[in-house]
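In: The sequence isn't on hand, but the structure is:
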């Protein structure tokens, strides 16, 4: 169930082992969130890394992953590095099996890996990261010189599946599991209004994505103002209730792959097709301020980290004053950094966009911004600009300009991490002080947009074990039920280890789920019990 | 199942309606977390409030509660104030039914209400709070002149129950539900090592508390370093898995009634009996600093708000640098504010306690603190003092002293809210500048203790409806299963409206659960189907 990276990989793995496979997809098109992805794939200790002379030994890789998965209980000295043993084993399984998943896709002609040893891990500076470069691969470059796109990757995955005769039914939404003697033996689905039952000899594999577009579930899962996101629009968390109804255990429901989003883009129907998430804050004369006109975060922080800035609680305010933040930049930044690339919020100067406010002075920009917030109503998150925002913004820009001139940001340490410089790109011509900072022009126009905290997708859901089996509330696997990708409690816990950790986990546990279902099917056809 | 405020109230309500009631309690003693509580009871529009000439109209009360329950979606203009309709109805039910719960306890001689119109709501300054004083009642004063203690309240509740012949079995832990045709008709329990089945004609009511002492569930539910707490030690979240196994829907799993805790107190077995939670940061020459020696929060902020300061994420650090914070105070503060009252971390000067570090200078205090952190190992949350902590602490104290002299804290607005001044108490003799600030003495000894984020208890779990029926993943009530108190997804969402919101909700929905089970029992004995 679900045709993104995890589902396709599960189908290919099961088919290769001789299983009869059918894929169901709720949306009208296949690809899920993978279709919209970058698409980096993070594979620890991958062969391209090893071929290039790098090494990625297991103990250090596990330390890096465990340290970030559960930072507050990480313990380098303990057997499972401080993690619950099952979580440790999931991470270990990822390290052990990720390469096999990649090689499966290569064998199936769904992936021609293109090594990106220039891309650092998101926490490359941590002592625990002994292989900060080399774990990222991409599909081979086609329309983009840097690597294949998510759209292209999905094309290749779909072609591989169809060339093997695997049926793919779109517009087919799982409604509930068919259970017999405690075993999942199929799904009841709604196929364009008609209820159909699909029975499975081996097993049912869910790879149906997270719950970003289930507003109530978002509201009830996050103790933070996280309601929007860039996941495929069909990612409504169906698996949470479907698996919940048969007693699955849930975890990580408060975790997500987070990114700031361009709020007004996310509110339009086009967000279903475009990507409103900001994964790279481009630009040097560009800052992010709060409703008081103050900087509150290192704007170049990796997107998942940057999103945490929106969550600050203020008891006197009785809410989240940073639930909406504002990206402010000048005309030179729009000229130097504006393009239509995914993840970059800055558009070319000749592109008009309603969500980008433009004004000749910072004061007028402030007025336009507050007016827009008011017009947004409840979508503003209750945020209005504080009195004195304009004057404070002027002071903030002045202070930022002085940092840009000296080439260092003592307040937020902007651009000091490897990943920040990678995302920000080369300095503009003439900027030899600091590649991510340049003084604002003294005259306008200036630009602003409203940012909200968002997701690429959520990463909480039913717990799986190392065999990608869904675990019930009593701790035992639910026979016949497998899952992978963003619909399960992610083996990464709360970590965003590196770009491509999403897809890397999806294909690794997708493959394991497919193998498990295929083995069960083989056993069933031999008369065995599973 | 469970003998705290919610369970006792459910039992009394059901018994009054003629049901045959049996109470089970996992611990060896009754009382749950109520036994350790303050015990304030927050009852909107209560008769003592009305008798004293105050008013608490429903629309305004609902706005206050909704605004804080879901601050980022609150919408004064919408029908349900921006909340999902079922959450709105839960809040409405609380307003409508809380008085009846109080009156039931009065009728049962379990409560003689003592009005505390001097206690402000926790967000008394919000425009939405039109009745900032008057909603708090307490049991009548006995050993304490200000009101009955949790211990005394539990004595009264137990006496009321026993005087009605209701059996109470301690040392009896529910293991799973007995289900027949989709209906909960009893529980299987472990009574001192022996498995027993208890059948229920009307219904099974869970009032078994949260999951504070289930370390794995805490780790997997909070995307924040929240692992400890002051709840009754038997609060291990049994109901999450018991209800999960029959398909209950979960919500608010990332929410808790939070308070800073004295870490080393919480790590000792005595924390089971004592209260390591800090609900009142007493003292004027007392500050809270982080590992860099800087203040990071208004120390007088209400405990639930104060706890949020521990959750700041730092991407460069790759973790939560404030996961441990440090309360620092001087000898005069110990002399003026030290006592053994619950919730006050400052002990009398003549009491030696291992968790309180004492040193003649701030520099030596810093050294002792770092040594203690090292000795704590993984319990330190990976926190060690930054280089330069001591020097920074000196500067921080100097700056604080200057604020104390001018009588205002421009950085954190300490002591500006009504509840902060209430908790902090009157100024020390001779302090006429600001009741919550006074310059540190220039000579030692100085004191320090390690603080961690904690809970009074969690407030996530199975979702209930207005009839306190547990809701399944498919949205329908699970017949025969009722729940209330901290074991359910709290109707308060993420809010801590006021002191006593915990117990107020517990008795309100406890009573409703008891009435529901009693009605079902009556129907069953008439041969009806439920």
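Out: Yep, that arrived. The model shown is predicted, which means the values in this text are computed figures rather than measured ones.
In: tell me what the lengthiest helix in chain A is packed against?
Out: Counting residues, the longest helix in chain A under DSSP state H turns out to be helix A:501-525. When contacts are defined as 3 or more CB pairs under 8 Å, 6 or more residues apart in numbering or on different chains; DSSP states H and E, helix A:501-525 packs onto helix A:5-16, strand A:41-42, helix A:85-107, strand A:204-206, strand A:477-483. C-beta: built from backbone N, CA, C; applies to glycine.
In: nearest to residue A:385, of the ones you listed?
Out: strand A:41-42 (39.4 Å; CB to CB).
In: Which strands or helices does the closest one pack on?
Out: Partner elements for strand A:41-42 (3+ CB pairs under 8 Å, 6+ apart): strand A:136-139, helix A:501-525.
In: Report the rounded mean pLDDT for the shortest one.
Out: Strand A:136-139 shows an average pLDDT of 98 in the prediction.
In: Same check on the longest one?
Out: Taken as a whole, helix A:501-525 carries a mean pLDDT of 95.
In: Ok, stretch A:24-35 next?
Out: Rounded mean pLDDT across stretch A:24-35 is 97.
In: now swap in stretch A:263-280 and tell me
Out: 77.
In: That stretch: end-to-end distance?
Out: Its first and final residues considered, stretch A:263-280 spans 16 Å by CA to CA, to the nearest Å.
In: How far away from the center of its chain is the longest helix of chain A?
Out: Centre-to-centre, helix A:501-525 and its host chain are 22 Å apart (CA atoms, centre = their mean, to the nearest Å).
In: what angle do it and helix A:85-107 make?
Out: Relative orientation of helix A:501-525 and helix A:85-107, computed by axes from the mean of the first three to the mean of the last three CA atoms, to 10 degrees: 90 degrees.
In: Could you give me the buried positions within helix A:501-525?
Out: A:501-522, A:524 (16 or more other CB atoms under 10 Å in any protein chain shown).
In: can you check stretch A:22-41 too?
Out: Those would be A:23-27, A:30-41, for stretch A:22-41 by 16+ other CB under 10 Å.
In: And residue A:377, how close does it get to chain B?
Out: Residue A:377 sits 8 Å away from chain B, going by CB to the nearest CB, to the nearest Å.
In: so what's that residue up against?
Out: residue B:75 (CB atoms under 8 Å, 6 or more residues apart in numbering or on different chains).
In: ok, it to residue B:76 distance?
Out: 11 Å (CB to CB, to the nearest Å).
In: check contacts around the closest residue to residue A:324 other than its chain neighbours.
Out: In this structure, residue A:324 finds its nearest non-sequential neighbour in residue A:383, 4.1 Å apart by CB to CB, 6 or more residues apart in numbering or on different chains. Contact analysis of residue A:383 by CB under 8 Å, 6+ apart lists A:291, A:321, A:323, A:324, A:373.
In: Out of the residues you listed, who's the most crowded?
Out: residue A:324 (26 neighbours; other CB atoms under 10 Å in any protein chain shown).
In: Quick one: list the elements packing against the helix or strand containing residue A:453.
Out: Following DSSP states H and E, one finds residue A:453 within strand A:446-458. When contacts are defined as 3+ CB pairs under 8 Å, 6+ apart, strand A:446-458 sits against strand A:228-229, strand A:256-262, helix A:263-266, strand A:325-330, helix A:331-337, strand A:357-359, helix A:362-376.
In: Up against chain B, what does the stretch 151-300 of chain A have?
Out: Neighbours of chain B within the stretch 151-300 of chain A, by CB under 8 Å from any CB of the partner chain: A:176, A:216, A:219-223, A:225, A:227, A:240-242, A:244-255, A:298.
In: switch to 10 Å and redo it
Out: Counting by CB under 10 Å from any CB of the partner chain, the stretch 151-300 of chain A comes close to chain B at A:175-176, A:215-227, A:240-256, A:258, A:297-298.
In: What does the pLDDT read for residue A:450?
Out: pLDDT, read off for residue A:450, is 97.
In: what's across from it in the sheet?
Out: Judged by DSSP bridges, the bridge partners of residue A:450 are residue A:326.
In: Assess the claim that residue A:87 and residue A:493 are in contact.
Out: Yes: the criterion here is CB atoms under 10 Å, and residue A:87 meets it with residue A:493 at 6.6 Å.
In: Quick check: neighbours shared by those two?
Out: A:66, A:69, A:70, A:73, A:251, A:252, B:219, B:220 (CB atoms under 10 Å, 6 or more residues apart in numbering or on different chains).
In: returning to that earlier point: go through the buried residues of stretch A:22-41 and flag which are in strands.
Out: Judged by DSSP state E, the buried residues of stretch A:22-41 include A:23, A:24, A:41 as members of strands.
In: hang on, the last one packs against residue A:99?
Out: No: the criterion here is CB under 10 Å, and residue A:41 misses it with residue A:99 at 11.2 Å.
In: what touches both of those two?
Out: residue A:508.
In: Farthest pair within the shared contacts of residue A:87 and residue A:493?
Out: A:66 and A:251 (16.0 Å).
In: So which residues of the stretch 301-450 of chain A form helices?
Out: A:303-308, A:331-337, A:362-376, A:389-406, A:418-424 (DSSP state H, counting those that start in this stretch).
In: what does the stretch 101-250 of chain A give?
Out: Going by DSSP H, counting those that start in this stretch, the stretch 101-250 of chain A shows helices at A:150-163, A:215-221, A:238-244.
In: the inter-axis angle of the strand holding residue A:453 versus helix A:389-406?
Out: Using the same axes, to 10 degrees: strand A:446-458 against helix A:389-406 is 90 degrees.
In: Direction-wise, compare strand A:446-458 with strand A:325-330 and give the angle.
Out: 140 degrees.
In: and whatever helix or strand comes next after strand A:446-458, which strands flank it?
Out: Going down the chain from strand A:446-458, the next helix or strand is strand A:461-462, by DSSP H and E. Applying DSSP bridges, strand A:461-462 is found paired with strand A:250-251 (antiparallel).
In: Contacts for the partner strand, please.
Out: Taking CB under 10 Å, 6+ apart as the rule, strand A:250-251 contacts A:84, A:86-87, A:221, A:240, A:243-244, A:459-464, A:471, A:473, A:488-490, A:493, B:216-217, B:219-221, B:240, B:244, B:249-250, B:253.
In: Give me the ChimeraX select line for those, limited to the buried ones.
Out: Typed into ChimeraX, the next command selects the buried ones out of those (criterion: 16+ other CB under 10 Å):
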select /A:84,86,87,221,240,243,244,459,460,461,462,463,464,471,473,488,489,490,493 /B:217,219,220,221,240,244,249,250,253
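In: Neighbours of residue A:173, how many?
Out: 18.
In: so it makes contact with residue A:194?
Out: No: in this structure, residue A:173 is not within contact of residue A:194 by CB under 10 Å, at 11.0 Å.
In: which residues sit in contact with residue A:347?
Out: Shown in contact with residue A:347 (CB under 10 Å, 6+ apart): A:334, A:337, A:338, A:339, A:340, A:353, A:355, A:356, A:447, A:449.
In: again, 8 Å this time
Out: Residues in contact with residue A:347 (CB under 8 Å, 6+ apart) are A:334, A:338, A:339, A:340, A:353, A:356.
In: Can you tell me how far it is from residue A:447?
Out: With distances taken as CB to CB, residue A:347 is found 9 Å from residue A:447.
In: For the stretch 1-150 of chain A, which residues are neighbours of chain B?
Out: Checking the stretch 1-150 of chain A against chain B by CB under 8 Å from any CB, the hits are A:67-68, A:70-75, A:78, A:82, A:84, A:123, A:125-126.
In: now those residues: which count as buried?
Out: Members of the residues of the stretch 1-150 of chain A next to chain B classed as buried by 16+ other CB under 10 Å are A:67-68, A:70-75, A:82, A:84, A:123, A:125-126.
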